[in-house]
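Participant: here's a sequence, model it:
(chains A and B)
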2 protein chains.
Amino acid sequence: MKRRSFIAAAGALGAGLAASSFPRPAISQGKKQLKMVMTWPKNSPGLGTSAQRIADRITQHSGGQLEVKLYGAGELVPAFESFGAVSAGDADIYHGAEYYWQGKSKAYNYFTTVPFGLNGLETHAWILYGGGQKLWDELSAGFNIKPFAVASTGVQMAGWFRKEINTLDDFKGLKMRIPGLGGEVLRQLGTAVINLPVGEIFPSLQSGAIDATEWVGPWHDLAFGFYKVTKNYYYPGWHEPGTVASIGVNKKLYDSLTKDQQQMIEVVCNAEAFEQSAEFNARNLDSLNVLISKHGVSLRRLNDDLLREIGKVAEQTVADVGNSDAITKKVYESFLAYRKGAMEWANISERAMMNARQLQIG
Amino acid sequence: MKRRSFIAAAGALGAGLAASSFPRPAISQGKKQLKMVMTWPKNSPGLGTSAQRIADRITQHSGGQLEVKLYGAGELVPAFESFGAVSAGDADIYHGAEYYWQGKSKAYNYFTTVPFGLNGLETHAWILYGGGQKLWDELSAGFNIKPFAVASTGVQMAGWFRKEINTLDDFKGLKMRIPGLGGEVLRQLGTAVINLPVGEIFPSLQSGAIDATEWVGPWHDLAFGFYKVTKNYYYPGWHEPGTVASIGVNKKLYDSLTKDQQQMIEVVCNAEAFEQSAEFNARNLDSLNVLISKHGVSLRRLNDDLLREIGKVAEQTVADVGNSDAITKKVYESFLAYRKGAMEWANISERAMMNARQLQIG
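Facilitator: Coordinates of the predicted model:
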């Protein structure tokens, strides 16, 4: 699918489709036909094609027992109704980002990304080996969902702004599309924060309904054409230092699968998380160079004083949200403990090495 | 297996077993029984248990068509003969690190790790999406092997030294176990460099046959007990900023598999690479804390001046090795181009964010 055609498709998403009549998964001769919905347009590069690969691989490696059909945002349900549809059994699997479900529980924010929090690898490590998955399973079981991490975007960009951003005051009165805890931080700073599925961002930015947006990073942002509206492209993405995408499987369905099928799905998800993390690393710089050299984008850095100021508000906001209820508190405290250790280790390993490499070669 | 028992097993590896009579893979009723050998003791935590999981998952998800049996280092062939055994078809799969095969081609070094080179994620990104796998396939096809990346250890530690290391002169005359390009760099600095499979490191360090060693990082190093001989534990691991472990499948065998089987193996490898990268992140700090608080280890940092000096020698050494023959030159140049881009991107993303996080919270 060419860029133009999925953007056109994306434009039509706002309307959404009424969730009128959902046939339950067909089961004939032991074969299950599964509906996978997602929060992005079909075939959008990266997250969209990644979801397709997950659907195809589950089908391929199930020995003919599972057949997953993928629907883009708005094809079966509107983007942000994916969670509810899977929870209710009207669809079987969603592909999205957990912070889109913060209306269900604020705890979901911590399974996507946290301002000044963990990078991609650290988030996955916390989920797989630091107690995160257990808490996530507990949280999602309450909604009849079994969740898996399936990608990390790496550190995101801070976003596209019509005007320059130099001080905290510059966030006041802005209308900005920014989801999750990053959005909560900017709300504290006086920004009018809204969340929109990606298919609705470009028209909103173009019409002036919003003044600023973040989406992902150069690879994804190039595809959606935000550079046509503004050239100010800021880094680093303090609000999303290692954003994780995820799938959620209807838990009743998941529990009905054989152990081999369950473990095959887990292997497919982990392989995808690996491949996507690598692909983001490989594609971002090339796309950034296209944005700069071909589309005249200005790469701008949020200054250290501003980052320090945002950071103070962010720590308080993340703590306030983290203390909002019992399950969120458990998740927040687990995250916080992992971050402490991860930062100590990063100072001996990744951060120490990246700075040493720069010292030598940069 | 308890730590003591695999160390005991490891101690017996030096002898190795003669590669006397290797029955070819049994094929009955379409089912293939495959022998997997490796360069580490069986059940050694991390790399050893990771290899076991790969063997088990290929077996589990092959629909009963493949059965992989894993042999620890020395059980079927000595650690460093794993490559030759798979190349010849005496074993079917090896699990190890490509720089152990630099005697076959110096190009192998670049598929494990390069001093001041790529971190784990960047190495995987280069392999999967930056042209690395194509070159690796070309290189290994010449040895009848199909290679896959299956783990990254993250940034390693610089090693265990009987005496303090403050200047370049301190490397002169040292006898040190250090493989790959890191070893080549220290050889330039006057170190007597040897490579030993992990099972032979501890006795060599204890007997004084070597003065220093690097192995992996806290998680792995704790298990092998180097702290019993010396307490000086240095970072950062300039020589191995993102070490990748790999498997190699006998290519004739691999080509005989169905497309589904081949792709299932690829999915299993990618899932394992993901899980291991995460597990290293989660286990290292805990193990480091044990080394320090329980075993009295001194965590020491190589100073910036020294890192800068080592870096100069490293760049030259990596280039010299990289220009040693046609295939190595292609690999080196591909690596070099990827590193340039990866560092530019890291300065906008991971490095920028790690420094901003430290600024805010540290």
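
Participant: check contacts around the residue nearest to residue A:155 when sequence neighbours are not counted.
Facilitator: What sits nearest to residue A:155 in space, not counting adjacent residues and going by CB to CB, 6 or more residues apart in numbering or on different chains, is residue B:349, at 3.8 Å. To be clear about C-beta, it is placed using only N, CA and C from the backbone, and glycine gets the same treatment. The contact partners of residue B:349, taken as CB atoms under 8 Å, 6 or more residues apart in numbering or on different chains, are A:154, A:155, A:217, A:235, A:236, A:237, A:284.

Participant: can you give me the distance of residue A:179 to residue A:101?
Facilitator: According to CB to CB, to the nearest Å, residue A:179 stands 10 Å off from residue A:101.

Participant: looking at these two, which is more packed in?
Facilitator: residue A:101 (28 against 24; other CB atoms under 10 Å in any protein chain shown).

Participant: wait, the more buried one touches residue A:83, no?
Facilitator: Yes: contact criterion CB atoms under 8 Å: residue A:101 and residue A:83 qualify, at 4.7 Å.

Participant: which parts of the stretch 1-150 of chain A are helices?
Facilitator: Applying DSSP state H, counting those that start in this stretch to the stretch 1-150 of chain A gives helices spanning A:3-11, A:47-60, A:82-88, A:120-129, A:132-141.

Participant: looking at those, which is nearest to chain B?
Facilitator: With CB to the nearest CB as the criterion, chain B lies closest to helix A:120-129 of the helices of the stretch 1-150 of chain A, at 3.5 Å.

Participant: touching chain B at all, that closest one?
Facilitator: Yes: using CB under 8 Å from any CB of the partner chain, helix A:120-129 reaches chain B at A:120, A:121, A:122, A:124, A:125, A:126, A:127, A:128, A:129.

Participant: stretch A:233-248 too?
Facilitator: Yes: with CB under 8 Å from any CB as the criterion, chain B is reached by stretch A:233-248 at A:235, A:236, A:237, A:238, A:241.

Participant: if I read this right, the fourth one contacts residue A:113, doesn't it?
Facilitator: No: in this structure residue A:238 lies outside contact range of residue A:113 using CB under 8 Å: 10.5 Å.

Participant: quick check: neighbours shared by the two?
Facilitator: With CB under 8 Å, 6+ apart as the test, residue A:238 and residue A:113 both reach residue A:182.

Participant: neighbours of residue A:258, how many?
Facilitator: Residue A:258: 11 neighbours (other CB under 10 Å).

Participant: doesn't residue A:77 make contact with residue A:35?
Facilitator: No: using CB under 8 Å, residue A:35 is not in contact with residue A:77, being 9.7 Å away.

Participant: okay, and the common contacts of those two?
Facilitator: What both residue A:35 and residue A:77 touch, as defined by CB under 8 Å, 6+ apart, is the set residue A:91.

Participant: next structured bit after the host helix or strand of residue A:186?
Facilitator: Under DSSP states H and E, the secondary-structure element containing residue A:186 is helix A:180-188. For helix A:180-188, the succeeding helix or strand toward the C-terminus, using DSSP H and E, is strand A:192-194.

Participant: now that following strand: buried residues?
Facilitator: By neighbour count on 16 or more other CB atoms under 10 Å in any protein chain shown, the buried set for strand A:192-194 is A:193, A:194.

Participant: from the chain's centroid, how far away is the next helix or strand after it?
Facilitator: Using DSSP H and E, the helix or strand that follows strand A:192-194 in sequence is helix A:201-207. How far helix A:201-207 lies from its chain's middle: 20 Å, per CA atoms, centre = their mean, to the nearest Å.

Participant: distance of residue A:178 from residue A:60?
Facilitator: Residue A:178 is 37 Å from residue A:60, by CB to CB.

Participant: more neighbours: the two, which one.
Facilitator: Higher neighbour count among residue A:178 and residue A:60: residue A:178, with 26 against 20, using other CB under 10 Å.
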